[in-house]
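Fold the following.
(2 chains)
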Amino acid sequence: MSRQFDLNDDSLVVIIGSGAGGGTLANELAQKGIRSVVLEAGKRFTMEDIENDEWGMFNKISWLDQRNLVGPSRLAEDFPNLPAWIVKGVGGSTIHWAGVAMRFQEHEFKMKTLNGEIAGANVEDWPLSLEDLEPYYALAEKKMGVCGTEATGMPFHGKSTHYQVIEAGANRVGARCEQAHLAINTVPFDGRAPCQVTGFCMQGCRFGAKWSTMYTEIPKAEATGNVEVRPNCMALKIEHDRDGKATGVLYADADGEVQFQKARIVAVAANSIESPRLLLNSASSLFPDGLANSSGQVGKNYMTHVTGGSYAEFDHPVHMERSTVVPGIVTEWEDNDPSRGHVGGYELEALHLGLPFMAAFLDPGAANGWGRQFARSMENYSRMAGFWICGEDLALESNRITLHPTKKDQYGLPVPVVHKADHDNDTRMRNHAYRMSRELFSAIGARHVNDLPPYPASHNMGTNRMHAKAQDGVVNQWGQSHDIDNLFISDGSQFTSSGTENPTLTIVALTIRQAEYIAERMTRGEL
Amino acid sequence: MTASPRVTLSRRRFLTLTGALTAGSLAMSAAGLWPRWALAEPDLASRLLRLGRDIYPHEAIEDRHYLESLTPLLEKERDEIAAGLNDLDRRARAAHGSDYAGIESGAERETLLRKIQHTPFFAKVKGNLMMGIYNNPALWPEFGYGGSSWEQGGYLHRGFDATPDWL
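Take a look at the predicted model:
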């Protein structure tokens, strides 16, 4: 159980969100003796709540508060109210993630230096390098139990049938392919069981083999006596004093009562739609454009990865669902090679959907996904293998989170409006990925290959980005706001660029580094 | 093709018949476990069945699964659904001189449906069928989908790494 702290205790770090960023930050600080309150908008789930049921879990754990998605994209047509597929609950989206834990590549921290100005985009270099982050990547891998890494020595999962099919295709076309580095135990580790291969990683791991702050960082943090987690508490506004220093967080508690929790430091880790939304909703006479927004970059540069799917139908059984969700990755095109017609790289991540979600995402949208061809493909479900495409998404100022001028949510806050459109580079990359996938599958006898359009984004990044210069970014290399010393961003919204890798490992590495920085500064009396 | 039920009860007449025994015996003998609303309005049910089987054409799936998928919709919005079907029949008569179900070619029926795929009527019918057909554990074996596996200890010791002999 959580310890309880007083609302007037102004010695605390108040952390908003309990996922990869917030949950990790709470535990890292707690282990150093620093006390915090975690405000989590969602409820606390138990292991018994976790079912192998795609729609059941979607309805149970997803963040389904009202949001508008606009922009010239099929995603906006198909899912006008669901830009992102993320979780509302203690543990955040680490309940849902597939466990893919890859480090960024060196060049991905320097996309501007590498490629120069890209017309129509707002690409910048990170204020840190791979070298800076490497020790923290190792700590993150150890904490999370990432298989196939030096940090853990944990073996890979072994090649599932789905992986073997993909690997055969990759070998045939000469593409590099490897088993996935997953933060999913392959041996008993950290008091958690090894993977039993239920095939339902993204519905929450029933056995707890996959790292999730829900049952790792959060209970460990609580056990120190230094952390109070408050579920069902929605942050409404960050308050500040006359000098512009954050003083605490106004929130709606489980009973809908508005409370104010005082704070020494505020850390925002509510994912890349809610985090900038909270800063924008915290506008005041001193900060009329929103908190920490002197750069004007809060809410801008919203990145989701360039995504899509490629699912091939064969004459023979595959049973792709009898596997970890992501058993392996074709990494051949993860580098930055503009000769392909696009900058940045992409991964082809072997990934299965269950039958219910295949029906929903094969050709999504209210008017699509039916008829004889569709039904034939569905009848081939057990003979399918496929990829989820995950590629570098360029930052665009026009891809952004804004506040709806009139529509309000259940807390009376303006509904977030998410504008997302492809840059030409994104479109070219996606088409390249479709083409390479088709070649790979055709090389091993695919009868039919389905190109799937993007579905709601689980990787959301960039809306409070890091930058060396205060006029070009919201936070510095430690996630500390350029404008307000005791305000931190602790989630993927810090990312300067998206990289091609799934973001969770990088969020955790940045958070471990941030906790160290906060502790040092507190010790020196600077925070 | 699926057999049309030879039930000629009017809706009103059916509703005067009460009790599970009556409904049950009808279901068993005439219509193969059709849901209650379908037995009450067999004409409406047959037309919806044609539509449903064109949206998700799966020979191996029994009629009742299509009809049961639509039960919540029929309970809530029976008149809107009937109006949608009437509209579809009007379009069919204009284009082919016959009701929708009377158009023999599946391809022609699909072409006609493409013209109404953006209507709320179509979206509702399709949405309910999608859940009833593809999110229905009773039908998963038809598709070779295993569904929930944790109760059986997942696939770790049940062939997750089987070698595909066809490669």
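
contacts and neighbour counts: CA atoms only from here.
Will do.

Just want the phi and psi numbers for A:Asp426.
phi -60, psi -50 (degrees, to the nearest 10).

Report the contact partners of A:Asn425.
A:341-343, A:394 (CA atoms under 8 Å, 6 or more residues apart in numbering or on different chains).

of those residues, buried ones?
Taking 16 or more other CA atoms under 10 Å in any protein chain shown as the criterion, what is buried in those is A:342-343, A:394.

Out of the residues you listed, which is nearest to A:Met429?
A:His342 (5.8 Å; CA to CA).

from what I can see the closest one touches A:Ala433, true?
No - A:His342 lies out of contact with A:Ala433 (CA atoms under 8 Å); the separation is 10.9 Å.

quick one on the thing from earlier: keep only the buried ones among the contacts of A:Asn425 that also lie close to chain B.
Among the buried ones among the contacts of A:Asn425, no residue sits close to chain B (CA under 8 Å from any CA of the partner chain).

What parts of chain B come near chain A?
Residues of chain B lying close to chain A (CA under 8 Å from any CA) are B:54-58, B:110, B:117-119, B:122-123, B:126-127, B:130-131, B:134-135, B:140, B:143-150, B:153-156, B:159-164, B:166-167.

Of those residues, just the buried ones, ChimeraX syntax please.
Selection of buried members from the residues of chain B next to chain A for ChimeraX, criterion 16+ other CA under 10 Å:
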select /B:54,55,56,57,58,110,117,122,123,126,127,130,131,134,135,140,144,145,146,147,148,149,150,154,155,156,160,161
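
The closest residue to A:Lys262 other than its chain neighbours bridge partners, please.
With sequence-adjacent residues excluded and distances taken as CA to CA, 6 or more residues apart in numbering or on different chains, A:Lys262 is closest to A:Gly248, at 4.1 Å. For A:Gly248, the beta-bridge partners are A:Glu239, A:Lys262 (DSSP bridges).

A:Gly248: neighbour count?
A:Gly248 has 25 neighbours, counted by other CA atoms under 10 Å in any protein chain shown.

Can you check what pLDDT the model gives the residue most central in space within chain B?
The centroid of chain B falls nearest to B:Tyr66 when counting by CA atoms, centre = their mean (2.0 Å). pLDDT, B:Tyr66: 97.

That one contacts B:Gly132, doesn't it?
Yes - counting by CA under 8 Å, B:Gly132 is a contact partner of B:Tyr66 at 7.1 Å.

residues shared between the contacts of these two?
With CA under 8 Å, 6+ apart as the test, B:Tyr66 and B:Gly132 reach no residue in common.

which helices and strands does the helix ranked longest in chain B pack with?
Ordering each helix of chain B by length in residues (DSSP state H) puts helix B:63-96 first. With contacts defined as 3 or more CA pairs under 8 Å, 6 or more residues apart in numbering or on different chains; DSSP states H and E, helix B:63-96 has these neighbours: helix B:36-40, helix B:42-55, helix B:120-134.

Give me the distance from that helix to the chain's centre.
Distance of helix B:63-96 from the chain centroid (CA atoms, centre = their mean, to the nearest Å) equals 10 Å.

ok, then the element right after that helix?
The helix or strand immediately downstream of helix B:63-96 is helix B:106-114, counting by DSSP states H and E.

Pull the residues that contact that next one.
Applying CA under 8 Å, 6+ apart, the contact partners of helix B:106-114 are A:371, B:54, B:91-92, B:100, B:103.

mind giving me CSV with the residues you listed and columns for pLDDT?
Listed next are the contacts of helix B:106-114 as CSV, based on pLDDT from 0 to 100:
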residue, pLDDT
A:Gly371, 97
B:Asp54, 98
B:Arg91, 97
B:Ala92, 98
B:Tyr100, 98
B:Ile103, 97
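
Chain B versus A:Met320, what's the distance?
9 Å (CA to the nearest CA, to the nearest Å).

Under the pLDDT cut-off, which ranges of chain A? List them.
A:1 (pLDDT under 70).

Show me the residue sitting in the middle of it in space.
Looking at chain A with CA atoms, centre = their mean, the centroid-closest residue comes out as A:His459, 3.8 Å off.
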